[in-house]
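1. Quick one, what's the 3D model for this:
(one chain, ligands or ions: 1)
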Amino acid sequence: MLSVITWLADTSVFRYLRTVSDLSILYAIIVFAVAIFLWEEYLASRQRKVLQTAQKVPADLDGAISSETFEKARLYNIDKSLFESCHNLFEIILSTSFLLLNVLPLVWSLSAHTLRWAEYDGEIKQSMVFMLYSSLLSTVIGLPWSLYSTFAVEQRHGFNKQTLGFFAKDKLKAFLVNQLISLPIVAMIVYIVKAGGDYFFLYLWLFCFVVLMFLMTIYPEFIAPLFDKYTPLPEGELREMIEALAARLHFPLKKLYVVEGSKRSAHSNAYFYGFFNNKRIVLFDTLLEDWEKTENDTDEKKEKDMEEKDAKPESAKDEKPKSAKDESGERTGRKKGCSNEEVVAVLSHELGHWSMNHVFKNIVVIQINLLLTFVVFAALYRYQPLYRAFGFGQSMPVIAGLVIILQHVFAPYSTLFSVLVTMMSRRFEFQADQFGKQLGYAALLKAALIKLTADNLSFPVYDRLYSAWHHSHPPLLQRLAALQKTE
Ligand SMILES: [Zn+2]
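-> Residues are numbered from 1 along each chain as shown. All right, here's what the predicted structure looks like:
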């Protein structure tokens, strides 16, 4: 393996890299970022043209989606697209200025000052302060955009269910939890690179693998409940139907939850997680047509309400989600969400992912990519001109090397990789649909997909190039067509 690294460091690409001047490395990185920005803006403008011209419900959806819903989806998506374009323009200007103004070394030396002030020293501690400042900076800069997206764009189209208080608490909590998890990981990564010797990339990869598995295990159990409320799906018809499906497929279903996604937003979904024989299914409350009714029937809910009232009286008025159903009553003329049969059809798709090992395949692809990344990083990270290009002078801190190489130098490769992963994911979606179809759920799945599209105000017509670049899930019409085939 070591010889691979030396060989890699000696290949023509890397030899060429050594002959170019420091600044041309920086300029090449900026040119690539701007090129990707322009390409994505071009795609967005193509999609906006579709949004502006497609004013009629496509023939395949005639009768399934009302022209009123279609028009609402059209306006929502135009709004969203314009907002995203403004945000992207801001981001590219900001990140280019940061690179040209050497903000990275600035934050690095600020961390050194902080550390000295606190009478500490050492690269690992400085790296942690550096990461803390960096994420503080990006969170603060992103805040106005996030506020506008939630309380202007989403609000205008009836999706926002958050109050300002909930939003602030949610963001703060997310920031703190993020730091608690990422700072020790950063410290460990820097330590491994510095102390790991010639084979540090192998240890680094192993460490990341273990951390990923650990986070996947504890996330649903301990972290996700900090942000949303998970309630076991009460006994009843839906539960029986889902358990029957799981039994039929030998899916080791241990727990079945409903998550109150509607507190945050009214976009709906369902997923499963867990290793080996310990699987859980989570349904978003917005997926279920009858959720509120069943929820009110359970004693647990009443108990929880009492507890909440006792504990902190302000939370009741602060976080009370407006009922999605009441609103949609006026909006679409039908209840939001899917019938029990349709929910089971959606789950037949999800269990298709399980049956065909899609999660496992994803992990394998990500791990292979990670190992490759670290091998190339090992060949590059002692290359001084890279650090000079980003304004670091003679110092070569590991954390800066990680940011420079993984985020900036690898950008072309990462872009290609994400396109390939998106393609793979679309294939998996079609396969999962086919799985549901083989179980006899084609018609119900089609009905559910149409309802979810209407509920989420997804716009069913897409520019081909735009969709190929962005969509990890195939658009509705393609999925319906695939479900239709040989039917
Ligand atoms: Zn899927």
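
2. for the stretch 351-487 of the chain, what spans make up the helices?
-> Counting by DSSP state H, counting those that start in this stretch, the stretch 351-487 of the chain has helices at residues 358-380, 384-389, 398-402, 411-438, 442-455, 464-470, 476-484.

3. Export these as TSV, with columns for mean neighbour count and distance to the ion.
-> Backbone N, C-alpha and C define where each C-beta goes, glycine included. Output for the helices of the stretch 351-487 of the chain, formatted as TSV (neighbours: other Cβ atoms under 10 Å; distance: least, Cβ to the ion, whole Å):
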stretch	mean neighbour count	distance to the ion
helix 358-380	16	8
helix 384-389	19	40
helix 398-402	21	32
helix 411-438	16	5
helix 442-455	22	11
helix 464-470	15	16
helix 476-484	18	10
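
4. Include distance to residue 272 when you put these into JSON lines, please.
-> As requested, those are exported to JSON lines (distance: least, Cβ to Cβ, whole Å):
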{"stretch": "helix 358-380", "distance to residue 272": "9"}
{"stretch": "helix 384-389", "distance to residue 272": "42"}
{"stretch": "helix 398-402", "distance to residue 272": "33"}
{"stretch": "helix 411-438", "distance to residue 272": "12"}
{"stretch": "helix 442-455", "distance to residue 272": "16"}
{"stretch": "helix 464-470", "distance to residue 272": "25"}
{"stretch": "helix 476-484", "distance to residue 272": "19"}
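
5. could the ones you listed be laid out in a markdown table, adding mean pLDDT?
-> A markdown table is the format used below for those (pLDDT from 0 to 100):
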| stretch | mean pLDDT |
| --- | --- |
| helix 358-380 | 94 |
| helix 384-389 | 91 |
| helix 398-402 | 95 |
| helix 411-438 | 95 |
| helix 442-455 | 91 |
| helix 464-470 | 94 |
| helix 476-484 | 92 |
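
6. buried residues in the longest helix seen in the chain?
-> Counting residues, the longest helix in the chain under DSSP state H turns out to be helix 67-100. Buried residues in helix 67-100, counted by 16 or more other Cβ atoms under 10 Å: 69-70, 72-74, 76-77, 79-81, 83-84, 92, 95, 99.

7. residues of the helix or strand just after that helix that come out buried?
-> Remark: after helix 67-100, the chain's next helix or strand is helix 103-117, criterion DSSP states H and E. If you call a residue buried by 16+ other Cβ under 10 Å, then helix 103-117 has these buried ones: 103, 104, 105, 107, 108, 111, 112, 114, 115.

8. Which strands or helices does helix 103-117 pack on?
-> The helices and strands touching helix 103-117, judged by 3 or more Cβ pairs under 8 Å, 6 or more residues apart in numbering; DSSP states H and E, are helix 123-148, helix 398-402.

9. CA-only coordinates of that helix in CSV, if you can.
-> Taking C-alpha atoms only, helix 103-117 is exported to CSV below (Å, rounded to 0.1, in the frame of the first residue of the first chain):
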residue,chain,number,x,y,z
VAL,A,103,-10.0,33.8,5.5
LEU,A,104,-8.9,30.3,6.3
PRO,A,105,-5.4,31.2,7.7
LEU,A,106,-7.1,34.2,9.4
VAL,A,107,-9.4,31.9,11.4
TRP,A,108,-6.5,29.6,12.0
SER,A,109,-4.4,32.3,13.6
LEU,A,110,-7.5,33.6,15.5
SER,A,111,-7.7,30.1,17.0
ALA,A,112,-4.1,30.3,18.0
HIS,A,113,-4.7,33.6,19.8
THR,A,114,-7.7,32.2,21.6
LEU,A,115,-5.7,29.3,22.7
ARG,A,116,-2.9,31.4,24.0
TRP,A,117,-5.3,33.6,25.8
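
10. Around the ion, which positions in the chain sit nearby?
-> 429, 432 (Cβ under 5 Å from the ion).

11. among the helices and strands of the chain, which one scores worst on average pLDDT?
-> Of all helical and strand segments in the chain, the minimum by mean pLDDT, DSSP states H and E falls on helix 313-319, at a mean of 34.

12. now the stretch 251-400 of the chain, which segments are flagged as low pLDDT?
-> 262-268, 292-335 (pLDDT under 70).

13. from memory residue 32 sits against residue 414, does it?
-> No - with contacts defined as Cβ atoms under 8 Å, residue 32 does not count as touching residue 414, sitting 10.7 Å away.

14. what's the distance between residue 391 and residue 404?
-> 10 Å (Cβ to Cβ, to the nearest Å).

15. shared neighbours of those two, anything?
-> residue 104 (Cβ atoms under 8 Å, 6 or more residues apart in numbering).

16. the more surrounded of those two?
-> For residue 391 and residue 404, the more surrounded residue by other Cβ atoms under 10 Å is residue 404, and the numbers stand at 24 against 18.

17. Residue 199 versus that one, what's the distance?
-> As judged by Cβ to Cβ, residue 404 and residue 199 stand 22 Å apart.

18. now swap in residue 27 and tell me
-> 34 Å.

19. which one of those two has more residues nearby?
-> A direct count of neighbours by other Cβ under 10 Å for residue 27 and residue 199 places residue 27 higher, at 15 against 12.

20. between the one helix or strand the more buried one maps to and helix 411-438, how big is the angle?
-> According to DSSP H and E, residue 27 maps onto helix 22-53. On the basis of axes from the mean of the first three to the mean of the last three Cα atoms, to 10 degrees, helix 22-53 is oriented at 40 degrees to helix 411-438.

21. buried stuff in helix 22-53?
-> Result for helix 22-53 [16+ other Cβ under 10 Å]: buried residues 25-26, 28-30, 33, 37, 40, 43-44, 47-48, 50-51.

22. by contact count, what packs against that helix?
-> helix 67-100, helix 384-389, helix 411-438, helix 464-470.

23. Could you check the angle it makes with helix 67-100?
-> 170 degrees.

24. can you give me the mean pLDDT across helix 22-53?
-> For helix 22-53, mean pLDDT rounds to 95.

25. Run the chain-centre distance for it.
-> 21 Å (Cα atoms, centre = their mean, to the nearest Å).

26. Going along the chain, name the strands of the stretch 151-300 of the chain.
-> 230-232, 253-259, 270-273, 279-284 (DSSP state E, counting those that start in this stretch).

27. As JSON lines, those strands with mean neighbour count would be great.
-> Output for these, formatted as JSON lines (neighbours: other Cβ atoms under 10 Å):
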{"stretch": "strand 230-232", "mean neighbour count": "15"}
{"stretch": "strand 253-259", "mean neighbour count": "19"}
{"stretch": "strand 270-273", "mean neighbour count": "17"}
{"stretch": "strand 279-284", "mean neighbour count": "22"}
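
28. related to what we said a few turns ago, which stretch among the helices and strands packed on helix 103-117 is buried most, on average?
-> helix 398-402 (a mean of 21; mean count of other Cβ atoms under 10 Å).

29. Output the contacting helices and strands for it.
-> If you count contacts as 3+ Cβ pairs under 8 Å, 6+ apart, helix 398-402 packs onto helix 103-117, helix 123-148, helix 164-195, helix 358-380, helix 384-389.

30. Same list (those) but as JSON lines, adding distance to residue 291.
-> Converted to JSON lines, the helices and strands packed on helix 398-402 look like this (distance: least, Cβ to Cβ, whole Å):
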{"stretch": "helix 103-117", "distance to residue 291": "46"}
{"stretch": "helix 123-148", "distance to residue 291": "27"}
{"stretch": "helix 164-195", "distance to residue 291": "20"}
{"stretch": "helix 358-380", "distance to residue 291": "26"}
{"stretch": "helix 384-389", "distance to residue 291": "53"}
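
31. Can you tell me which of the helices and strands packed on helix 22-53 is nearest to residue 337?
-> Distance to residue 337, taken as Cβ to Cβ, is lowest for helix 67-100 among the helices and strands packed on helix 22-53, at 14.5 Å.
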